[in-house]
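Chemist: Attaching a predicted model along with its sequence, questions to come.
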Amino acid sequence: MSILEHKGVWVFAEQRAGEIQKVSLELLGKGRELADTLGTKLTAVLLGNNVKEMASELIYYGADEVILVEDELLDVYITETYTKVMSKIIKEKKPDIILMGATALGRDLAPRVSARVHTGLTADCTTLEIDEESKHLLMTRPAFGGNIMATIICPDHRPQMSTVRPGVMIKQERNEERQGEIIEFPSGLAKEDVNVEVIEIVKEEKQKMKIEEAEVLVSGGRGMRKKENFQTLELLAKELGGLVSGSRAVVDAGWMDREHQVGQTGKTVRPNLYLACGVSGAIQHVTGMEESDLIVAINKNPSAPIFELADVGIVGDVEKVIPSLIDELKSVKVAKEKK
Ligand SMILES: Cc1cc2nc3c(=O)[nH]c(=O)nc-3n(C[C@H](O)[C@H](O)[C@H](O)COP(=O)(O)OP(=O)(O)OC[C@H]3O[C@@H](n4cnc5c(N)ncnc54)[C@H](O)[C@@H]3O)c2cc1C
């Protein structure tokens, strides 16, 4: 089959509990641009149960049409059911490009769909453009630990698939005047397709205060070595009356929730005290915290870039320095109480 048969730009509209994820709206912004460059349609693909109401929202944010698949078997995300439905629609409708959010769901779904439909996938893209001559999608992403930017193409297979992290692309202004078509598509699912039973969904209790509002932030980086060591940071933050935040490296490692990430693709913070523990000071991190009033850095490498920015630098092992700091703060508190 010729790749020329494939037309249109698609955005997988991720919804959770009836709420469209922000990243999908951001991808509609980018998708609109790509579709306009190619002179083609922008389609949002919405899967779920009782989600029809959300379809017009996708049109307001730039989609020309919405492929809507409603089925009670799609009520909660299950890898197999969503993969099956997405693959089926792709095989039938033959899109040229598919964009998905690099969320927990997107990271699970995108590779499986790409394997089922025998095409390539470029994960975590930061730039997406159309090559003027070939009209291929140029998918650019950091490679080799962020040291180089690699531009990847998928010249021989379709669709060209890409995931993008939340916060990277810019959504369009919502415009209620926009008109579009809603195309209902049968899921084709049977009960036997559901190979996993979701027994309970437990919502994580969110920290009440946001890191953007905290006056003191104790921020951990990859130098903290493992998730368990963040308990020490929690103790330190408690002593200082602050919150724990972190670098993207620790969020990517699954040691911390994305809501607590500081930096270019995380939150911009400006606390009175920013204590960076085992954070190297990469530019993408620094842009999110450089306006803090007092920056204290603990790093075992005296040449770490974070020291160029820090008001106070401690060259040492976080596993030794942090417990000493906690002990010191506790003894100061005890001494104060005795007075
Ligand atoms: C498009 C893009 C967007 C990005 N957005 C963000 C963002 O929003 N936020 C962000 O943080 N990053 C972001 N990054 C990633 C960024 O480039 C860095 O990779 C990341 O910040 C590194 O995190 P880190 O400092 O925790 O880890 P590393 O760079 O691995 O640094 C770990 C540090 O810990 C020190 N260390 C190791 N062991 C110890 C120890 N025992 N005691 C003391 N120190 C120790 C090391 O000397 C090192 O300096 C982005 C990258 C790209 C390409």
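Modeler: Great, that's in hand. All values derive from a computational prediction rather than experimental measurement. Residues are numbered from 1 along each chain as shown.
Chemist: Which residue does the stretch 51-200 of the chain have closest to the ligand?
Modeler: P142 (3.8 Å; Cβ to the nearest ligand atom). C-beta: built from backbone N, CA, C; applies to glycine.
Chemist: show me what contacts that residue?
Modeler: 124, 126, 148-150 (Cβ atoms under 8 Å, 6 or more residues apart in numbering).
Chemist: now the strand or helix carrying A115, how far from the centre of its chain.
Modeler: Taking DSSP states H and E as the criterion, the element that holds A115 is helix 104-116. Average the C-alpha atoms of helix 104-116, do the same for its chain, and the two points are 14 Å apart (Cα atoms, centre = their mean, to the nearest Å).
Chemist: Equivalent analysis for stretch 286-306, please.
Modeler: Averaged C-alpha coordinates place stretch 286-306 at 24 Å from its chain's average position (Cα atoms, centre = their mean).
Chemist: Quick check: the residue nearest to A310 when sequence neighbours are not counted vs the ligand, distance?
Modeler: Take A310 and drop its neighbours on the chain: the residue closest to it by Cβ to Cβ, 6 or more residues apart in numbering is A297, 3.9 Å away. Computed as Cβ to the nearest ligand atom, to the nearest Å, the A297 to the ligand distance reads 9 Å.
Chemist: where does the stretch 201-339 of the chain dip in pLDDT?
Modeler: Counting by pLDDT under 70, the stretch 201-339 of the chain contains low-confidence residues at 204-208.
Chemist: likewise the stretch 1-150 of the chain?
Modeler: 1, 145-147.
Chemist: Pretty sure the residue of the stretch 51-200 of the chain closest to the ligand sits in a strand.
Modeler: Yes. Secondary structure assignment (DSSP: H, G, I helix; E, B strand; the rest coil) places P142 inside a strand.
Chemist: Specify the beta-bridge partners of it.
Modeler: Assessed by DSSP bridges, P142 has beta-bridge partners M149.
Chemist: rewinding a little: now tell me what touches the next helix or strand after the helix holding A115 from outside.
Modeler: The element immediately downstream of helix 104-116 (helix or strand, assigned by DSSP H and E) is strand 121-125. The contact list for strand 121-125, computed with Cβ under 8 Å, 6+ apart, reads 102, 107, 110-111, 114, 139-142, 152, 154, 161-165, 168.
Chemist: filter the residues you listed to the buried ones?
Modeler: The neighbour count (16 or more other Cβ atoms under 10 Å) marks 102, 110-111, 114, 139-141, 152, 154, 161-165, 168 as buried among these.
Chemist: Just give me the closest of those to H260.
Modeler: R165 (15.5 Å; Cβ to Cβ).
Chemist: ranges for the helices of the stretch 51-200 of the chain?
Modeler: Using DSSP state H, counting those that start in this stretch, the helices of the stretch 51-200 of the chain run over residues 55-60, 79-93, 104-116.
Chemist: Would you mark the buried spots in the first one?
Modeler: Think helix 55-60. Applying a neighbour-count criterion of 16+ other Cβ under 10 Å, the buried positions in helix 55-60 are 55-60.
Chemist: counting contacts, what elements does that helix pack onto?
Modeler: Contacting helix 55-60 under the criterion 3 or more Cβ pairs under 8 Å, 6 or more residues apart in numbering; DSSP states H and E are the following elements: strand 42-48, strand 65-70, strand 181-184.
Chemist: try it again with 7 Å
Modeler: For helix 55-60, the packing partners by 3 or more Cβ pairs under 7 Å, 6 or more residues apart in numbering; DSSP states H and E come out as strand 42-48, strand 65-70.
Chemist: Let me see the contact set for A110.
Modeler: Going by Cβ atoms under 7 Å, 6 or more residues apart in numbering, A110 touches 100, 121, 161, 163.
Chemist: Ok, L46 next?
Modeler: 13, 15, 54-55, 58, 66, 68.
Chemist: Would you mind measuring from it to F12?
Modeler: Counting by Cβ to Cβ, to the nearest Å, the gap from L46 to F12 is 9 Å.
Chemist: Then Y274?
Modeler: Between Y274 and F12 the computed distance is 37 Å (Cβ to Cβ).
Chemist: Looking at those two, which one has more neighbours?
Modeler: Applying other Cβ atoms under 10 Å to Y274 and F12 shows that Y274 carries more neighbours, namely 29 against 25.
Chemist: Excluding chain neighbours, what is closest to that one?
Modeler: The spatially closest residue to Y274, leaving aside those adjacent along the chain, is S292, at 3.7 Å (Cβ to Cβ, 6+ apart).
Chemist: Report all helices and strands that the longest helix along the chain contacts.
Modeler: Determined from DSSP state H, the single longest helix within the chain is helix 318-338. Secondary structure elements in contact with helix 318-338, counted by 3+ Cβ pairs under 7 Å, 6+ apart, are helix 230-240.
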